[in-house]
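Asks: Below: sequence and its predicted model.
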Amino acid sequence: MTEKEISCGECFCRWVSRVTAWAPIMGRVTYEQMAAHWPSATDEYAALVNGTPKVVFSKTLRNAGWAGSRLGLIDEYRPAAGTGQDQ
């Protein structure tokens, strides 16, 4: 790995080291991809990623089983104003 190439885990850890209180917010697809990898990961970033609180928003996901994860509820979909979908 060259100096310009950093792993996803390293990038994540660099970002985390700059904030004091946070929780990643993700949608179902990203959540399922991350939850498929990180719980069994053993690299140097696994403990940080797995120990971080996480929030997932989804209309279809009913359970967030990855440790530290919770579902953010979506009662009604409303596109943001000014997106062209708000009519």
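Replies: Structure's in. What do you need? Please read these numbers as outputs of a predicted model, since none were measured by experiment.
Asks: Strands along the protein, start to end?
Replies: Remark: strands assigned in the chain by DSSP state E are 25-27, 54-57, 69-72.
Asks: quick one: the residue nearest to Leu61 when sequence neighbours are not counted and Thr42, what's the gap?
Replies: Leaving aside its sequence neighbours, Leu61 sits nearest to Arg28 (C-beta to C-beta, 6 or more residues apart in numbering; 4.8 Å). Glycine gets a C-beta too; all of them are placed from N, C-alpha and C. In this view, Arg28 and Thr42 are 26 Å apart by C-beta to C-beta, to the nearest Å.
Asks: In terms of neighbours, single out the busier of those two.
Replies: Between Arg28 and Thr42, Arg28 has the larger neighbour count (other C-beta atoms under 10 Å), namely 15 against 6.
Asks: Verify the stated contact: that one with Ser58.
Replies: Yes: the pair Arg28 / Ser58 is scored as a contact, 3.8 Å apart, by C-beta atoms under 8 Å.
Asks: And stretch 28-46, what's buried?
Replies: For stretch 28-46, the neighbour count (16 or more other C-beta atoms under 10 Å) marks 31, 34-35, 38, 45 as buried.
Asks: What's the end-to-end length of that stretch?
Replies: One end of stretch 28-46 to the other measures 20 Å (C-alpha to C-alpha, to the nearest Å).
Asks: repeat for stretch 36-44
Replies: 17 Å.
Asks: Identify the residues contacting it?
Replies: 9, 46, 49-50, 66-67 (C-beta atoms under 8 Å, 6 or more residues apart in numbering).
Asks: one step back: just put the strands of the chain in JSON lines and tack on mean neighbour count and mean pLDDT.
Replies: Shown next, in JSON lines, are the strands of the chain (neighbours: other C-beta atoms under 10 Å; pLDDT from 0 to 100):
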{"stretch": "strand 25-27", "mean neighbour count": "15", "mean pLDDT": "89"}
{"stretch": "strand 54-57", "mean neighbour count": "18", "mean pLDDT": "89"}
{"stretch": "strand 69-72", "mean neighbour count": "15", "mean pLDDT": "90"}
